[in-house]
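Student: What follows is a predicted protein model with its sequence.
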Amino acid sequence: MSSFSRPPRPPDKSIMTSNVVDFEDILNNGFSDANTAIRSGARARWERKKSEKESSEVENRKPFGSSSSLSDRFIPNRAAMDMEKSSHAIVSEQESIGDRTDGELSDDEYTSDSVASDMSEYKSSLLGIDDSRSRILSFADKAPAPKGDTVNNLEVLYSASSTSRKNKSSTRLVNRHIPSAPTRILDAPDLLDDYYLNLLSWSDTNVLAVALSQTVYLWNAETGAIDELCNVENDGADAHISSVSWIQEGGGHLAVGTSSGKTLLWDVRAQKQLRKMDGHTDRIGALAWNRHVLSSGGRDNIIVNHDVRIAEHKTATLSCHTQEVCGLAWSPDGMTLASGANDNKLCLWDATASSSSRPRFELTEHQAAVKALAWSPHERNLLATGGGTADRCIKFWNTQTGSLLNSVDTGSQVCALQWNPYEKEILSSHGFARNQLCLWKYPTMAKVKELDGHTARVLHMAVSPDGRSVVSAAADETLRFWDVFAPPSKSHTGKRGAAESVGGAKSKKISRTMHIR
């Protein structure tokens, strides 16, 4: 019997498909770089570095506070940022990137750096925009300026070359030579070191009046003669002269303020005292003339206007200050009186003010005593004022509106101010720490020249009648004459000769020191 055999079973297609897939997986996994099962424990160097780099990038992407090593947070300071410039810079950069369709640069883009520099210079010169200082984010303000009258010795030591370059460039602001040394030095013993007094005045007849303790001396700049005018020795051991001021026209009369509150009027040519005027109960530290009207300010906080022509001389008593009045100055047109005091106030009074009047303006921007006052001979209603140690600023005012035009921090106590009668320049004298005189160009207030020589604060200044020379009186008990101002058309030789004629006798040397008494 033939055996009946079952026909062979056809292979299952699903099984065959799965076997093929498994075989391919084995081939791929067995020979690919991803199969680490058959690798040794040591990894290649490039793999180790790649792993370290990836781990560091992950660590840097962690938020603040998630890592054990905390770092500082940078918080933008919006007050030091220009938000409009920052927004414009971001948008412009994004637009410039979006305009590029491929990775290659065109021929025009190779010159983008030069075009950008030209545009930056154009905006800086024409529009006043400085792109180098603009920041999208600003994280810190500038370091604050040091307070007080300090001198950085290290800065002086390591910036000598830059300082010399600055001085060379600053001298180009003027077309004349300004000597650094004084043309004459006079000895002034017993000159009181008191910031609130005014002990120096130069008449239009070329006679210099200086108060030394209890005595007033007159020095003739043409002949060099020295005369004693008056003294207050009979008023007691503590009595002293507290202020002097020549009358504006003629130069024949001198007003003298004393520590007892008396105002003396002297006829210099006749060597005679004409009047003794009262009105104050304490010393008189400031005097100012306006034709026949003499204004006096004292430590009793008041200002008294005296008409020296009449018997009842006291025409007005002005009260506004709360501390000692130490500065007085009438405007060139005689319409406004400026007063400064130890209460840090500057007051502007009308010439018609009476005892019941209030000042036209009461200005309180200064942070220290206001002693230095100087009216501009070039611009009407322009007044310069200087503050004490806590203020250190020279401020410029429009006295018609009472507005502050400019303020410059000089770095030290401002003791006196004098305008150049020929050009728009102003000279300031200072106290600690350098005790120097500084010449400034107005209105830029660029420093033209510094004059050193005094060893103590320079309390007083006065200008010669020809406007060429300035005398400074300091607490080091010396008077120094400086050839600072001169007409710009004059030659150097002419200026030097004129200064010598103002300074005194022709045969005397510059370095010679003379004694007032």
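Tutor: Okay, I see it.

Student: Can you tell me the closest non-neighbouring residue to residue 329?
Tutor: Using Cβ to Cβ, 6 or more residues apart in numbering and skipping residues adjacent in sequence, the residue nearest residue 329 is residue 373, 4.0 Å away. Bear in mind the C-beta positions are built from the backbone N, C-alpha and C, glycine included.

Student: is residue 426 in a bridge, and if so with what?
Tutor: Under the criterion DSSP bridges, residue 426 forms beta bridges with residue 419, residue 440.

Student: For it, the count of nearby residues, please.
Tutor: 23 (other Cβ atoms under 10 Å).

Student: tell me the contacts of it?
Tutor: 374, 384, 394, 417-420, 439-440, 442 (Cβ atoms under 8 Å, 6 or more residues apart in numbering).

Student: can you do 6 Å?
Tutor: Residues near residue 426 by Cβ atoms under 6 Å, 6 or more residues apart in numbering: 384, 419, 440, 442.

Student: From the residues you listed, list just the buried residues.
Tutor: 384, 419, 440, 442 (16 or more other Cβ atoms under 10 Å).

Student: Export these as CSV, with columns for distance to residue 356 and pLDDT.
Tutor: What follows is these, written out as CSV (distance: Cβ to Cβ, whole Å; pLDDT from 0 to 100):
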residue, distance to residue 356, pLDDT
384, 30, 98
419, 33, 98
440, 39, 97
442, 37, 97
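
Student: Quick check: residue 211 touching residue 199?
Tutor: Yes: Residue 211 lies in contact with residue 199 (Cβ atoms under 6 Å); the separation is 4.2 Å.

Student: Those two: who's more crowded?
Tutor: residue 211 (31 against 24).

Student: which residues pair with the more buried one across the strands?
Tutor: residue 216.

Student: Export the helix or strand hosting residue 54 to PDB, keeping only CA atoms.
Tutor: Assigned by DSSP states H and E, residue 54 belongs to helix 45-60. The C-alpha atoms that make up helix 45-60 are tabulated as PDB, following Å, rounded to 0.1, in the frame of the first residue of the first chain:
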ATOM      1  CA  ARG A  45      40.400  60.600  23.500                       C
ATOM      2  CA  TRP A  46      38.100  62.400  21.100                       C
ATOM      3  CA  GLU A  47      35.100  60.800  22.800                       C
ATOM      4  CA  ARG A  48      36.200  61.900  26.300                       C
ATOM      5  CA  LYS A  49      36.600  65.500  25.200                       C
ATOM      6  CA  LYS A  50      33.300  65.500  23.400                       C
ATOM      7  CA  SER A  51      31.600  64.200  26.500                       C
ATOM      8  CA  GLU A  52      33.300  66.800  28.700                       C
ATOM      9  CA  LYS A  53      32.200  69.600  26.400                       C
ATOM     10  CA  GLU A  54      28.600  68.400  26.300                       C
ATOM     11  CA  SER A  55      28.500  68.200  30.100                       C
ATOM     12  CA  SER A  56      29.900  71.700  30.500                       C
ATOM     13  CA  GLU A  57      27.300  73.100  28.000                       C
ATOM     14  CA  VAL A  58      24.500  71.500  30.000                       C
ATOM     15  CA  GLU A  59      25.800  72.900  33.200                       C
ATOM     16  CA  ASN A  60      26.000  76.400  31.700                       C
END
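
Student: of all the buried ones among the contacts of residue 426, which comes closest to residue 296?
Tutor: Closest approach to residue 296 among the buried ones among the contacts of residue 426 (Cβ to Cβ): residue 384, at 22.2 Å.

Student: Can you tell me the SS state at that closest one?
Tutor: strand (DSSP: H, G, I helix; E, B strand; the rest coil).

Student: Not counting its neighbours along the chain, what's nearest it?
Tutor: Nearest residue to residue 384, sequence neighbours excluded (Cβ to Cβ, 6+ apart): residue 374, at 4.7 Å.

Student: Counting neighbours, what do you get for that neighbour?
Tutor: 22.

Student: The helix or strand encompassing it: partners in the sheet, and parallel or antiparallel?
Tutor: Here residue 374 sits within strand 370-375, counting by DSSP H and E. Looking at strand 370-375 with DSSP bridges, its partner strands are strand 382-387 (antiparallel).

Student: Buried residues in the partner strand, which are they?
Tutor: 382-387.

Student: Make JSON lines out of these and add distance to residue 339.
Tutor: Shown next, in JSON lines, are those (distance: Cβ to Cβ, whole Å):
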{"residue": "382", "distance to residue 339": "17"}
{"residue": "383", "distance to residue 339": "11"}
{"residue": "384", "distance to residue 339": "15"}
{"residue": "385", "distance to residue 339": "11"}
{"residue": "386", "distance to residue 339": "14"}
{"residue": "387", "distance to residue 339": "14"}
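
Student: still on that earlier bit, what does the strand holding residue 374 rub up against?
Tutor: 326-327, 329, 331-332, 338, 340, 346, 383-386, 414, 416-417, 419.

Student: re the thing from before, and the helix holding residue 54, what does it pack against?
Tutor: Of the remaining helices and strands, none touches helix 45-60 by 3 or more Cβ pairs under 6 Å, 6 or more residues apart in numbering; DSSP states H and E.

Student: quick one: low-confidence parts of the stretch 351-500 of the chain?
Tutor: Across the stretch 351-500 of the chain, the ranges flagged by pLDDT under 70 are 488-500.

Student: show me where it has helices.
Tutor: Using DSSP state H, counting those that start in this stretch, the helices assigned to the stretch 351-500 of the chain run over residues 492-503.

Student: can you pull out the strands in it?
Tutor: For the stretch 351-500 of the chain, strands defined by DSSP state E, counting those that start in this stretch occupy the ranges 361-363, 370-375, 382-387, 393-398, 403-409, 414-419, 425-430, 437-441, 446-451, 458-463, 469-474, 478-483.

Student: Okay, angle between the second one and strand 425-430 too, please.
Tutor: Think strand 370-375. Interaxial angle, strand 370-375 versus strand 425-430 (axes from the mean of the first three to the mean of the last three Cα atoms, to 10 degrees): 160 degrees.

Student: Just want the angle from strand 370-375 to strand 458-463.
Tutor: Using the same axes, to 10 degrees: strand 370-375 against strand 458-463 is 10 degrees.

Student: Go through strand 370-375 and flag the buried ones.
Tutor: Using 16+ other Cβ under 10 Å as the test for burial, strand 370-375 gives 370-375.

Student: Which one of those residues is nearest to residue 258?
Tutor: Out of the buried residues of strand 370-375, the member with the shortest distance to residue 258 (by Cβ to Cβ) is residue 371, at 19.0 Å.

Student: Count residues in the vicinity of residue 249, would you?
Tutor: The burial count for residue 249: 11, using other Cβ under 10 Å.

Student: How about the one 5 residues further on?
Tutor: Neighbours of residue 254 under the rule other Cβ under 10 Å: 23.

Student: who's it bridged to?
Tutor: Beta-bridge partners of residue 254, as defined by DSSP bridges: residue 246, residue 266.

Student: how many other residues sit next to residue 468?
Tutor: Neighbours of residue 468 using other Cβ under 10 Å come to 22.

Student: what does the one 5 residues further on give?
Tutor: When counting by other Cβ under 10 Å, one arrives at 27 neighbours for residue 473.

Student: Excluding chain neighbours, what is closest to it?
Tutor: Take residue 473 and drop its neighbours on the chain: the residue closest to it by Cβ to Cβ, 6+ apart is residue 460, 4.2 Å away.

Student: pretty sure that neighbour contacts residue 200?
Tutor: Yes: assessed by Cβ under 6 Å, residue 460 is found in contact with residue 200 at 3.9 Å.

Student: Can you check which residues contact both of those two?
Tutor: Here residue 460 and residue 200 have residue 473 as joint contacts, going by Cβ under 6 Å, 6+ apart.

Student: part of a helix, is residue 234?
Tutor: Yes: the assignment for residue 234 by three-state DSSP puts it in a helix.

Student: Check it and give its pLDDT.
Tutor: For residue 234, the model assigns a pLDDT of 91.
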